[in-house]
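Undergrad: What follows is a predicted protein model with its sequence.
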Amino acid sequence: MKIAKTVTVNASADRLWEILGTEYLHAGRWASAVYHSSGKGDARIEGAPAEGRVCQTSLGPFTETIEEFDPEQRFVAYSATGDKMPGFVKNLTNYWRVNPLGPNKSSVQMELTADIAFPFNILMGPMMKMQFGSVVKHIISELKHYAETGKPHARKVKADGSKKARQARAAMA
């Protein structure tokens, strides 16, 4: 299953890359689905900020490992695993690519890929595609808002005030 979304952002490609690449470890600053994020391990790929990150989410912790990282092309790809990820999801990867469109305009593309085992791909695939599609839509709109305004989206502000978010941050302290 693949879900791809591209959006135009009224911010420079350098600003978007700063958020997605240079500040990769800090997705918890702008993504409502991530209560807290921090780095894990030493970088295995030249230029990457770390081996990956750990994200505290409403579904518990997810560990992401950077698979590709290219500051020149403004491209990052990572795989994700989590204790609460269903066993029939065999592989979950995500990639981001930033393209300049002008001095203060760029596009960002996100593609989420999940390999779902048979027969679950048939039985649950459509429902999962809808759920993942909603997550992708929210994340990319939250990134756009953060890049354009420098402030978290209202969804992020609300999520950060939740009991689960406070507990996740306290557990990481």
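TA: Yep, it's here.

Undergrad: what's near enough to touch Ala48?
TA: The contact partners of Ala48, taken as Cβ atoms under 8 Å, 6 or more residues apart in numbering, are Tyr24, Ile66, Phe69, Val76. The C-beta positions use only the backbone N, C-alpha and C, and glycine is treated the same way.

Undergrad: SS state for it?
TA: Following DSSP: H, G, I helix; E, B strand; the rest coil, the label given to Ala48 is coil.

Undergrad: How about the contacts made by Thr8?
TA: Counting by Cβ under 8 Å, 6+ apart, the residues that Thr8 touches are Leu101, Lys105, Ser106, Ser107.

Undergrad: ok so, going back, which member of the contacts of Ala48 is positioned nearest Thr6?
TA: Of all these, Val76 has the smallest distance to Thr6: 15.5 Å, by Cβ to Cβ.

Undergrad: Closest one of the contacts of Thr8 to Lys5?
TA: Set against Lys5, the nearest of those by Cβ to Cβ is Ser107 (10.6 Å).

Undergrad: Tell me what the closest one is bridged to.
TA: Per DSSP bridges, the residues bridged to Ser107 are Thr8, Asn99.

Undergrad: Can you name every helix or strand that the least confident helix or strand in the chain by mean pLDDT contacts?
TA: Lowest by mean pLDDT, DSSP states H and E among the helices and strands of the chain is helix 163-172, with a mean of 80. Other helices and strands packing on helix 163-172, by 3 or more Cβ pairs under 8 Å, 6 or more residues apart in numbering; DSSP states H and E, are strand 34-40, strand 52-57.
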